[in-house]
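K.L.:
Need coordinates for the following:
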Amino acid sequence: MKNERKTEAIVRSHFEKFKDIIHIEEQISDNASISKLLKLASKKGSGKGFPEFLISFFGNSELLIVVECKADITKHESPNRNNPPEFAVDGVIHYSSYLSRDFDVLAIAVSGQTIKQLKVSHFLQLKDNKKAIPIFGDKLLSASDYLDGYLKSDEKLIQDYNVLLDFTKKLNDTLHSYKISEKYRSLLISCILIALENKPFKTSYHLYGATNTKELADTLVDTVIRELKNANIKNDNLDNLNIQFGFIRTDTSLSTKKDVLKTLITDIDKNINSFIKTHEYFDVLGQLYIEFLRYANSDKGLGIVLTPPHITELFSEIAQVNENSIVYDNCTGTGGFLISAMKKMIEGVKGDSDIVSRIKKEQLIGVEYAADIFALSVSNMYIHQDGKTNIVNGDCFDDNIIKQIKIRKPTVGLLNPPYKSKKDDIEELEYVLNNMECLVDGAKCISIVPMQSALAQSGKVYELKKMLLKKHTLEAVMSMPNELFINSNVGVVSCIMIFTAHRPHPKNKETYFGYYKDDGFVKRKNQGRIDAYRKWKDIKERWVSYYINRKAKAGLSVNKIVTAKDEWCAEAYMETDYSTLTKEEFLKNVKLYVLFNELFLKND
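P.N.:
Numbering: from 1, shown residues only. Prediction:
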């Protein structure tokens with residue numbers, strides 16, 4: 001006869017090994033908040049709920065583990081998860097739906113009577129979130145592994161990032177009130193983040209009083225320059241960084257007003273530094289830069305169009321970067337592509353510290369022209385424990401820099417070039433050619449450029465298309481969402497181009513064209529474009545799979561032989577998938593067509 005007590009004994013024995021960091025309760029809780037939430041959580045629909053185990057962490061009051069057990073493994077999970085009294089998964093998700101009103105909940109379903117036959121399922125349901133997301137694997141883990149996995153989960157990243165954005169808006173308002181220019185705000189934050197890596201500074205900055213505010217400002221900058229010097233940043237770059245951070249020494253609010261700088265350091269340590277330590281390899285400074293652009297009165301002259309993090313992540317997936325890749329970005333910006341590549345490269349080495357160190361020191365290369373943005377990129381890489389990354393402040397078209405990059409033999413090129421705003425600006429495709437000039441034979445180059453670069457059939461851009469095909473192979477072009485850069489206040493319609501370097505485009509080569517317009521992101525007031533419905537992960541996997549396998553699908557992708565004279569976009573060649581057409585969409589487009597006839601054709 002199956003006995004549920006045996007299952008409970010296995011779970012109890014497992015978690016009691018970690019009683020130094022967790023508090024274990026069974027069926028009822030002394031915590032008033034938990035008891036209140038379970039008051040109406042009966043699995044049968046009325047009365048109080050009694051989960052097998054309720055586990056809380058001494059060092060983290062936000063996370064609660066709830067465990068539901070069943071003796072019979074056939075009672076582990078129902079087909080529709082709608083029978084809480086009879087099935088472990090159904091029951092634990094039921095309890096999680098109540099407990100997640102006040103807590104982030106890790107719901108664990110366990111069935112079986114021996115360790116060998118045990119079935120385990122995990123679900124994470126964050127506070128105020130209606131859905132429990134599968135997480136971890138099918139075995140019980142240590143309490144510290146659960147806490148670490150929760151803190152670093154994609155779901156927690158999204159939750160914490162939204163909190164970070166709220167703080168960023170308040171911080172921006174604060175800096176505005178202190179009359180600190182928009183272009184200096186990200187530099188100030190990056191300077192503080194680097195200084196906080198220095199333990200003596202972190203433990204002593206709060207000791208500075210009202211009479212030595214100027215001394216704190218000087219110490220902050222001096223600490224940062226010393227940290228970067230110790231990280232082997234070259235002297236000419238150090239001089240530039242000293243100039244970029246120099247405003248902190250002289251700014252009236254930061255260097256003379258009581259506690260202004262000290263309070264900023266404390267707030268940034270609590271709200272930004274803690275985020276960085278939890279969520280590694282995330283382009284925090286780039287995202288803060290975007291947020292400051294969004295709240296600025298004008299973005300004129302502030303700089304660059306930053307690539308959204310999910311697209312930098314997509315690039316690394318498409319390029320299939322690994323521990324042996326050497327990645328080059330000739331338009332580095334804040335370092336978003338390099339950080340995403342670093343994350344992907346490190347994921348594959350399974351904690352080998354020697355390989356991780358080699359990747360950070362030798363296999364990430366960048367060039368950035370703008371001195372202030374260069375300072376951000378160096379800072380960004382430094383706070384990701386990489387002070388020695390080969391980032392150069394200069395012109396990527398400079399012959400000496402090209403020679404310097406070629407010596408490193410990059411195998412992957414990633415870039416988002418500056419977009420033309422004036423007639424005499426450098427064409428985006430010139431940056432693409434420049435990137436591939438530095439790559440080894442057969443390397444992949446992936447760029448995101450304005451769609452007009454792909455459509456040109458005459459003029460300078462057309463000549464650049466011809467030159468690209470003469471020297472390199474056009475593997476794919478992917479049409480991106482129309483409002484991809486809305487967070488940067490830019491309305492450019494863009495596409496991704498993928499080339500194989502130094503292999504002339506074969507005459508009868510088919511190029512893959514993807515109509516990648518729907519990334520699942522939606523616009524939200526004060527948040528910009530966000531993955532509100534958690535669609536991106538599945539969409540990204542489909543996009544990458546279709547590209548790798550060159551799979552043609554009506555409405556999404558097509559393979560086509562093209563020349564420089566042709567339009568390089570899926571829209572020109574792709575079949576329409578009418579199976580997805582709704583009545584509402586059809587009527588909308590008919591009305592638009594009628595309106596077009598009325599407004600334009602009638603006047604001809």
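K.L.:
Where is the longest helix in the chain?
P.N.:
Secondary structure of the chain read by DSSP state H shows that its longest helix is helix 154-177.
K.L.:
Show me how far that helix is from its chain's centre.
P.N.:
Distance of helix 154-177 from its chain centroid, counting by CA atoms, centre = their mean, to the nearest Å, is 15 Å.
K.L.:
ditto for stretch 519-531
P.N.:
Stretch 519-531 has its C-alpha centroid displaced from the chain centroid by 14 Å (CA atoms, centre = their mean).
K.L.:
Check stretch 329-343 too.
P.N.:
How far stretch 329-343 lies from its chain's middle: 12 Å, per CA atoms, centre = their mean.
K.L.:
And that stretch, end to end?
P.N.:
Taking CA to CA, to the nearest Å, stretch 329-343 runs 15 Å from one end to the other.
K.L.:
quick one: average pLDDT of that stretch?
P.N.:
In this model, stretch 329-343 has a mean pLDDT of 93.
K.L.:
what sits against Thr174?
P.N.:
When contacts are counted by CB atoms under 8 Å, 6 or more residues apart in numbering, Thr174 is found next to Leu264. All C-beta atoms are positioned from the backbone trio N, CA, C, and that covers glycine.
K.L.:
The helix or strand containing Ile24 pairs with which strands, and in what direction?
P.N.:
Assigned by DSSP states H and E, Ile24 belongs to strand 22-25. Neighbouring strands of strand 22-25 in its sheet, by DSSP bridges, are strand 53-57 (antiparallel).
K.L.:
ok, and what's touching the strand it pairs with?
P.N.:
Residues outside strand 53-57 that contact it (CB under 8 Å, 6+ apart): 8, 11-12, 15, 21-27, 29, 31, 34, 63-67, 143, 147.
K.L.:
Return the subset of these lying in helices.
P.N.:
Mapping the contacts of strand 53-57 onto helices (DSSP H) picks out Glu8, Val11, Arg12, Phe15, Ile34, Ala143, Leu147.
K.L.:
Kindly indicate which of these lies nearest Leu193.
P.N.:
Distance to Leu193, by CB to CB, is smallest for Leu147 among these, at 24.3 Å.
K.L.:
Tell me the spacing between that closest one and Val367.
P.N.:
Taking CB to CB, to the nearest Å as the criterion, Leu147 is separated from Val367 by 40 Å.
K.L.:
swap in Lys470?
P.N.:
Applying CB to CB to Lys470 and Val367 gives a distance of 24 Å.
K.L.:
more crowded one of those two?
P.N.:
Taking other CB atoms under 10 Å, Lys470 and Val367 do not tie; Val367 has more neighbours (28 against 10).
K.L.:
Sticking with that one, tell me its helix or strand.
P.N.:
Assigned by DSSP H and E, Val367 belongs to strand 364-368.
K.L.:
neighbouring contacts of the helix or strand just after that strand?
P.N.:
On the C-terminal side of strand 364-368, the closest following helix or strand by DSSP H and E is helix 371-382. Helix 371-382 is contacted from outside by 183, 186-187, 190-191, 193-194, 197, 227-228, 231, 233, 237, 240-241, 243-245, 283-286, 289, 303-304, 332-335, 338-339, 364, 366, 368, 387, 389, 391, 393, using CB under 8 Å, 6+ apart.
K.L.:
one more time with 6 Å
P.N.:
Identification of contacts with helix 371-382 by CB atoms under 6 Å, 6 or more residues apart in numbering yields 186-187, 190, 194, 240-241, 244, 285, 303, 332, 334-335, 368, 389, 391, 393.
K.L.:
cool, stretch 512-525 as well?
P.N.:
Here stretch 512-525 makes contact (CB under 6 Å, 6+ apart) with 476-479, 481, 529-532, 535-536, 539, 543, 547, 550, 556-559, 570, 574.
K.L.:
How about the strand holding Ile24, which residues are buried there?
P.N.:
Buried residues in strand 22-25, counted by 16 or more other CB atoms under 10 Å: Ile22, Ile24.
K.L.:
Buried ones among the contacts of stretch 512-525?
P.N.:
Neighbour-count burial (16+ other CB under 10 Å) applied to the contacts of stretch 512-525 gives 476-479, 481, 529-531, 536, 539, 543, 547, 556-558, 570, 574.
K.L.:
Take those and keep only those in strands.
P.N.:
Those of the buried ones among the contacts of stretch 512-525 mapping onto strands are Ala476, Val477, Met478, Ser479, Arg529, Ile530, Ser557, Val558, per DSSP state E.
K.L.:
For these, name the two members farthest from one another.
P.N.:
Going by CB to CB, the pair spanning these furthest: Ile530 and Val558, at 29.9 Å.
K.L.:
Could you pull out the helices in the stretch 501-604 of the chain for me?
P.N.:
Assigned by DSSP state H, counting those that start in this stretch, the stretch 501-604 of the chain shows helices spanning 536-548, 583-599.
K.L.:
ignore the last one, the stretch 151-300 of the chain
P.N.:
Taking DSSP H, counting those that start in this stretch as the criterion, the stretch 151-300 of the chain contains helices spanning 154-177, 182-195, 199-204, 213-230, 235-245, 247-250, 252-256, 260-268, 274-278, 284-295.
K.L.:
Those: which one's closest to Lys583?
P.N.:
Minimum separation from Lys583 across those (CB to CB) falls at helix 154-177, 33.9 Å.
K.L.:
got the angle for the closest one vs helix 536-548?
P.N.:
Between the axes of helix 154-177 and helix 536-548, defined by axes from the mean of the first three to the mean of the last three CA atoms, to 10 degrees, the angle is 110 degrees.
K.L.:
Show me what counts as buried in helix 154-177.
P.N.:
For helix 154-177, by 16+ other CB under 10 Å, it's 155-157, 159-161, 164-165, 167-168, 171-172, 175-176.
K.L.:
sorry, back to before: so which of the helices of the stretch 151-300 of the chain gets nearest Val356?
P.N.:
Val356 lies closest to helix 274-278 among these, at 16.5 Å (CB to CB).
K.L.:
Check the offset of the closest one from the chain's centre.
P.N.:
On the basis of CA atoms, centre = their mean, helix 274-278 sits 14 Å off its chain's mean C-alpha point.
K.L.:
could you point out the longest strand in the chain?
P.N.:
As assigned by DSSP E, the longest strand anywhere in the chain is strand 60-70.
K.L.:
Just give me the neighbour total for Ile28.
P.N.:
For Ile28, the count of nearby residues is 14 (other CB under 10 Å).
K.L.:
send the alpha carbons of stretch 386-400 over as PDB?
P.N.:
Presented in PDB, the C-alpha positions along stretch 386-400 are these (Å, rounded to 0.1, in the frame of the first residue of the first chain):
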ATOM      1  CA  ASP A 386      36.700  42.600 -17.400                       C
ATOM      2  CA  GLY A 387      39.100  45.500 -17.000                       C
ATOM      3  CA  LYS A 388      41.400  44.300 -19.800                       C
ATOM      4  CA  THR A 389      39.000  43.900 -22.700                       C
ATOM      5  CA  ASN A 390      40.500  45.200 -25.900                       C
ATOM      6  CA  ILE A 391      38.400  48.300 -26.500                       C
ATOM      7  CA  VAL A 392      40.000  51.100 -28.500                       C
ATOM      8  CA  ASN A 393      39.000  54.700 -28.500                       C
ATOM      9  CA  GLY A 394      39.400  55.800 -32.100                       C
ATOM     10  CA  ASP A 395      38.300  55.600 -35.700                       C
ATOM     11  CA  CYS A 396      37.600  52.100 -36.900                       C
ATOM     12  CA  PHE A 397      38.600  53.200 -40.400                       C
ATOM     13  CA  ASP A 398      42.100  54.200 -39.200                       C
ATOM     14  CA  ASP A 399      44.700  52.000 -40.900                       C
ATOM     15  CA  ASN A 400      46.700  51.600 -37.600                       C
END
